[in-house]
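1. got a sequence here, can you model it:
(2 chains)
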Amino acid sequence: MTWETVIGLETHVELATRTKIFCSCTTEFGGAPNTHCCPVCTGMPGTLPVLNEKVLEFAVKAGLALDGEITHHCKFDRKNYFYPDLPKAYQVSQLYLPIVRNGKVPIRTQSGTEKIIRIHELHMEEDAGKLVHDPWLDQTRCDYNRCGVPLIEIVTEPDFRTAEEVIAYLEKLRSTLQYLGVSDCKMQEGSLRCDVNLSVRPAGSAQLGTRTEMKNLNSFKAIARAIAYESRRQVELIEEGKRVVQETRRWDDNKDATFAMRSKENAQDYRYFPEPDIPPLEITQEYLDHIRKELPEMAEHKLIRYQAEFGLPLYDAQMLTGQKALADFFEACAALGSDPKQVSNWIMGPLMGQLSAKGLEAKDMALSPATLARLISLVKAGQLNRNTAVKVFEAVFDQDGDVDTYISAHGLAQVNDPDALAAAVEKVFSANPQSIEDFRSGKEKAFGFLVGQVMRELRGKANPQAVNQAIRDKLNS
Amino acid sequence: MELYELTALELGAALKKGQTSPAEVLAAAQARIAAWQPRNNAFITLPPPAAPQGDSPLAGVPMALKDNICTKDVKTSCASMILGDFAPPYDATVVERLTAAGAVSMGKLNMDEFAMGSTSETSFYGPTRNPWDPDRVPGGSSGGAAAAVAAGEIWYAIGSDTGGSIRQPAAYCGVTGMKPTYGTVSRYGLIAYASSLDQMGPIARSAADCAAVLDLIQGKDPRDGTSLEGQYGTLLSSLTGDVKGLKVGIPADCFGDGLDEEVRRAVLSVAELLKSRGATVEEFSLPVMEYVVPTYYIIACAEASSNLSRFDGVKYGWRAAGYEDLTDLYQRTRTEGFGSEVKRRILLGSFVLSAGYYDAYYKKALQGKAVIKDIYDAAFRKYDVLLTPVSPSTAPKLGESLSDPLKMYLSDIYTVPLNLAGLPGISIPCGFDSKGLPIGAQLIGPALGDGTILNAAHAFQLETDFHKKIPTGKGGSVL
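-> Numbers count the residues shown, from 1 in each chain, chains lettered A, B, ... in the order given. Here you go, the predicted structure:
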């Protein structure tokens, strides 16, 4: 029998607001334990939550970008459960009236499948703290720094059939949220976390099988492997005549397997009810119109525009729009008057080379668009040859150093003095009569040797076209 | 005349005129507290008072706070064992505002544990007793507040009212207590019982004193999202005592079975007096009374079950000894740390929110709340104020109520609908029964009609002196 895997995702995304959802503590990642908290986010008796309006704005932006319906009368609810990382013993979340419903995310997989993933809902909630176990003292300690960091949870319908579709969706989601500036979506810092709901059924069946929920998936690679493992595990169970148990399972990256955490059959009762401390939110049409106007241009639109407006090939446009930081950098250089195709070549070549060599994200690099634009203009003006320019680029990349200072400090300006060039050619020709003979007898290779010698004579700073031309002129004379 | 016989405003004025000194006033308060505390147990904590800073008509006037209001570095217990010696790291907004107005806090007042009760008997720190008769309860949950003001230990107190907890003890102790419109006083720093119903307010001798206190504490607070924008600070200056043309509605449903005859007569005398000053009085029907108590207890207990979950022995307060694991820590701490009335309400609240019961109880109660509000709104299209009793009877004896919790819950019938509808209500002394116990009448206003009911209460107090009576402390078995 052939089996079909059915997958739905619940993705938690930390919002990139400066302060927490209900207080003015910083949301900065890390920090010594319990240094980013106050009476409100640690749930001290008598404190009250006041909604950070940026959280609502970011959630609405995300909802609009995911093509969802915004709930005009929206409320928060309390989800009650006891755990030491949750100091109020309830999480402020949204159950009954989430801010966004019925979104759509079009995806395109590597192998070319195109489909629409339906978003069931997107809601706002607060993050919990973290428990740190000290094995030396055999004690568990609470760090409340993360308490109250704003999250959105994005829940899809069970629309995925393969891991490839899941990854394509997550990449699309990450790019969209980064474009909006609502999250940095760093999986390694936990600002994008994904739970996978998975079931299997005979291919062609309309009925859903019993699903399990997988947690602790810390990378796209882990997600793909967990999906493969869990599909196989469920198919094997069914083929052995056993039953899949509805439960939460933890992915173990080292063991490459999932393990049961808790069964849904004796699941907790969260006793949700409307949060009385936060008045219902009335989202007006004016507010929505205002947010819609503030939405940045998204990747799909840029992709088309880069080809039309800048005449870039599709491949270039795809590469540049793949990350918002690169697209922003590209547009800034173009706005400074640099030739768009030149900028694109520089970004896809030396710039991405530096990023991967340094293990950097584009959005974290120091290099400014003005620096690259200056380099491009020096090359165009013939004041710097391309090879030297790449060396300068590499030298200034880390600190966004000044191009002109570096060039003059290292004497790298291109030699365009015709007398100096003529003198160098003269010198090389008289020193290498054999090469001139070789060239004249049809050995093209000798030409390159002569060029190299002249360049060496001019310490690499000559304009290569001018050198070529001077040697040809000399040979033909 | 002794200083304790003055109202808060009179004492504030005497201080301003130099007729008395801050030291003299402080000594008078301390002497009264020293004499009364052993008899009525109104205070839980008596820290050394700080010198007043800031100015207002009440600057320098000694007052006190119910012990569910957070005070920086001063023990705040909710009269519960579970909070242990918890001292909050911050002041409630109300405390900040009063401090800036020159208030002198004498300490923290006894109450029913977590404000759950109508008698102040459920306190971990022992019951408070009624200054008019120490065998009787002072009412609750702000029993310490009402008893301390009645006994002249302090000139005013801040209490909290979730279902009558300011108004009912004010009535039992013969003082004036007001629950303002929901949202007009910031709840930041009030340890929550039922967030959608809780509201802080003053207990004092007179309506004018209450107006003066509200002028200091009302107003939008950026730390409380449910606090309201509005015009504040003009309640005292707009007290004229003029009630000509005021339309007073008397809901017949509040004067039927179960109401003590002496209470009924005293409350209706308020209508007569207002009428004699030019108000019109009319009886009408308010067909909600049978729904208010069940609606109230479902909503209040549901919210309480969630609000009180944070008291788990992990972060502050008391932690049980000898636990085996995390679940055991939670269970032992909460089993030992909460009193039985609190546990009863947590269980009730957890039940009505649990899967399969939510729709039948909690959701229905929310619908009931909306209906109750609509019916009151309709009444206020016809009347400016409503007049009802505060409680069906005067103060019962200690131990009488706790044996029959259902009866105790039902006695909240006149006060709880205001919390459900978010309306302001004031309890004013309107007489004494044949046992010499004070009787309270309740004036109810529409939302933000705080000034209207204060003015009606003020008009009544201009012509009566029930609110000026002070217990002598004689008689009763413990004295």
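
2. mind checking how far the residue of chain A found nearest chain B is from residue A:234?
-> Residue nearest to chain B within chain A: residue A:89 (3.3 Å; Cβ to the nearest Cβ). Bear in mind the C-beta positions are built from the backbone N, C-alpha and C, glycine included. Computed as Cβ to Cβ, to the nearest Å, the residue A:89 to residue A:234 distance reads 35 Å.

3. same question for residue A:464.
-> 62 Å.

4. show me which of those two is the more surrounded one.
-> It is residue A:234, of residue A:464 and residue A:234, that has more neighbours when counted by other Cβ atoms under 10 Å in any protein chain shown, with 22 against 15.

5. can you pull out the low-pLDDT segments for chain A?
-> For chain A, the stretches flagged by pLDDT under 70 are A:262-267.

6. close to chain B: what parts of it are there?
-> Applying Cβ under 8 Å from any Cβ of the partner chain, we find that chain A lies next to chain B at A:39, A:42-51, A:78, A:80, A:82, A:84, A:87-90, A:142, A:269, A:271-274, A:276-279.

7. mind running it again at 6 Å?
-> A:39, A:43, A:45-46, A:48, A:50, A:78, A:80, A:82, A:84, A:88-90, A:269, A:271, A:273, A:276-279 (Cβ under 6 Å from any Cβ of the partner chain).

8. ok, residue B:334 - how many residues close by?
-> Residue B:334: 20 surrounding residues under other Cβ under 10 Å.

9. an error on my part: the question was meant for residue B:87.
-> Using other Cβ under 10 Å: residue B:87 sits among 17 other residues.

10. that one touches residue B:71, doesn't it?
-> No. Counting by Cβ atoms under 6 Å, residue B:87 stays clear of residue B:71, with 7.9 Å between them.

11. now the residue of chain A closest to chain B. Nearest residue, chain neighbours left out?
-> residue B:309 (3.3 Å; Cβ to Cβ, 6 or more residues apart in numbering or on different chains).

12. returning to that earlier point: which residues are in contact with both of residue B:87 and residue B:71?
-> Common neighbours of residue B:87 and residue B:71 are not found (criterion: Cβ atoms under 6 Å, 6 or more residues apart in numbering or on different chains).

13. count of residues packed around the closest residue to chain A within chain B?
-> Per Cβ to the nearest Cβ, residue B:309 is where chain B lies closest to chain A, at 3.3 Å. For residue B:309, the neighbour count with other Cβ under 10 Å is 22.

14. and what of the one 3 residues further on?
-> By other Cβ under 10 Å, 24 other residues sit near residue B:312.

15. the residue nearest to residue A:89 and residue A:85, how far apart?
-> 14 Å.

16. ditto for residue B:314
-> Distance from residue B:314 to residue A:85, by Cβ to Cβ: 10 Å.

17. out of the two, which sits in the more crowded spot?
-> Just comparing residue B:314 and residue A:85: by other Cβ under 10 Å the higher neighbour count belongs to residue B:314, 20 against 17.

18. name the nearest residue to that one, ignoring sequence neighbours.
-> That would be residue A:84: by Cβ to Cβ, 6+ apart, it lies 5.1 Å from residue B:314.

19. got phi/psi on the one you found?
-> phi -60, psi -20 (degrees, to the nearest 10).

20. cool, residue B:373 as well?
-> The phi/psi pair for residue B:373 (degrees, to the nearest 10) reads phi -60, psi -40.

21. same question, residue A:269
-> Main-chain torsions, residue A:269, degrees, to the nearest 10: phi -100, psi 110.

22. so the residue nearest to residue B:314 is in contact with residue A:142, correct?
-> Yes. In this structure, residue A:84 is within contact of residue A:142 by Cβ under 6 Å, at 5.4 Å.

23. any weak-confidence spans in chain B?
-> For chain B, the stretches flagged by pLDDT under 70 are B:474-479.

24. what's near enough to touch residue B:471?
-> Residue B:471 sits next to B:131-132 when contact means Cβ under 6 Å, 6+ apart.

25. now do it against residue B:174, distance only.
-> Computed as Cβ to Cβ, the residue B:471 to residue B:174 distance reads 8 Å.

26. swap in residue B:104?
-> From residue B:104 to residue B:174 the distance is 24 Å (Cβ to Cβ).

27. out of those two, which sits in the busier spot?
-> Taking other Cβ under 10 Å, residue B:104 and residue B:174 do not tie; residue B:174 has more neighbours (30 against 24).

28. which residues are in contact with that one?
-> Contacts of residue B:174 (Cβ under 6 Å, 6+ apart): B:150, B:429, B:438, B:469.

29. what about residue A:35, helix or strand, and which?
-> In the assignment (DSSP states H and E), residue A:35 maps to no helix and no strand.

30. what's around the residue lying closest to it once chain neighbours are set aside, how many residues?
-> Nearest residue to residue A:35, sequence neighbours excluded (Cβ to Cβ, 6+ apart): residue A:145, at 6.7 Å. Neighbours of residue A:145 under the rule other Cβ under 10 Å: 24.

31. and for residue A:286?
-> By other Cβ under 10 Å, 8 other residues sit near residue A:286.

32. go on, residue A:81?
-> Applying other Cβ under 10 Å, I find that residue A:81 has 13 neighbouring residues.

33. distance of it relative to residue B:301?
-> 18 Å.

34. on the strand side of things, show who the closest residue to residue B:466 other than its chain neighbours bridges to.
-> Take residue B:466 and drop its neighbours on the chain: the residue closest to it by Cβ to Cβ, 6+ apart is residue B:429, 3.9 Å away. Per DSSP bridges, the residues bridged to residue B:429 are residue B:440.

35. report how many residues lie close to the residue nearest to residue B:314.
-> 19.

36. just checking, what packs against the helix or strand harbouring residue A:228?
-> Applying DSSP H and E as the criterion places residue A:228 in helix A:220-239. The helices and strands touching helix A:220-239, judged by 3 or more Cβ pairs under 6 Å, 6 or more residues apart in numbering or on different chains; DSSP states H and E, are helix A:163-180, strand A:192-202, strand A:212-217.

37. hmm, try it at 7 Å
-> If you count contacts as 3 or more Cβ pairs under 7 Å, 6 or more residues apart in numbering or on different chains; DSSP states H and E, helix A:220-239 packs onto strand A:3-14, helix A:163-180, strand A:192-202, strand A:212-217, strand A:257-263.

38. would JSON lines of these with distance to residue A:312 and mean neighbour count be doable?
-> Putting those into JSON lines (distance: least, Cβ to Cβ, whole Å; neighbours: other Cβ atoms under 10 Å in any protein chain shown) gives the following:
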{"stretch": "strand A:3-14", "distance to residue A:312": "30", "mean neighbour count": "20"}
{"stretch": "helix A:163-180", "distance to residue A:312": "18", "mean neighbour count": "21"}
{"stretch": "strand A:192-202", "distance to residue A:312": "29", "mean neighbour count": "21"}
{"stretch": "strand A:212-217", "distance to residue A:312": "36", "mean neighbour count": "20"}
{"stretch": "strand A:257-263", "distance to residue A:312": "44", "mean neighbour count": "14"}
